[in-house]
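Colleague: how would this look folded up:
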Amino acid sequence: MFLQFFKCHNEDGKDHQARCVGLACRNVHHITTIQSWEAKLTEATRDGKILVANFSTPWSGPCRSIAPTCCELADKYPSLMFLTVDVDELAELSTSWDINATPTFFFLKDGRQVDKFVGADKVELPKKIAAIANVANRS
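Modeller: Coordinates of the predicted model:
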């Protein structure tokens, strides 16, 4: 496997290089401020989307190994909104969500947690996201 940086959409709408490893992601937004987090929560609620928040770190082996899978899932399920939050960069936000391990994925609907997934299991994460997408599509 080769290492490659991928581009995420930042709160200003422009592409920025993320400090993660993976593939080109069109549907992943890199959250760098509390304000951008709140804006995306509001946008997801307004648009009726389930938000998938990936709390991770660029130096973690499991986070790096699951990044390509996350990109593929984000591109596969445009009905969901995918965010990446660097727990070191936004420590205050991460602490408020009680992040004890990375990666940790939260699934939010209307600003409330509907599910959670901890770890970098490349088999189980796609199953979880497919199930969440099915719920979103029925709403």
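
Colleague: from here on, just use CA atoms for contacts and neighbour counts.
Modeller: Fine.

Colleague: where do the strands of the protein begin and end?
Modeller: For the chain, applying DSSP state E gives strands covering 7-9, 15-17, 28-31, 51-56, 81-86, 104-109, 112-118.

Colleague: residue 134: neighbouring residues, count only.
Modeller: Residue 134: 12 surrounding residues under other C-alpha atoms under 10 Å.

Colleague: so which of the strands of the chain comes closest to residue 64?
Modeller: strand 51-56 (8.9 Å; C-alpha to C-alpha).

Colleague: between that closest one and strand 81-86, how many degrees?
Modeller: 20 degrees (axes from the mean of the first three to the mean of the last three C-alpha atoms, to 10 degrees).

Colleague: and for strand 51-56, what's in contact with it?
Modeller: Residues outside strand 51-56 that contact it (C-alpha atoms under 8 Å, 6 or more residues apart in numbering) are 41, 44, 63, 80-87, 94, 99, 102-109.

Colleague: same thing with stretch 97-109?
Modeller: So stretch 97-109 is contacted by 44-45, 48-57, 60, 62-63, 113-120, 132 (C-alpha under 8 Å, 6+ apart).

Colleague: which of the residues you listed count as buried?
Modeller: Among the contacts of stretch 97-109, those scoring as buried are 44-45, 48-57, 62-63, 117-120, 132 (criterion: 16 or more other C-alpha atoms under 10 Å).

Colleague: for residue 90, give its distance to residue 31.
Modeller: 8 Å (C-alpha to C-alpha, to the nearest Å).

Colleague: please read the previous query as pertaining to residue 44.
Modeller: Distance from residue 44 to residue 31, by C-alpha to C-alpha: 14 Å.

Colleague: thank you, goodbye.
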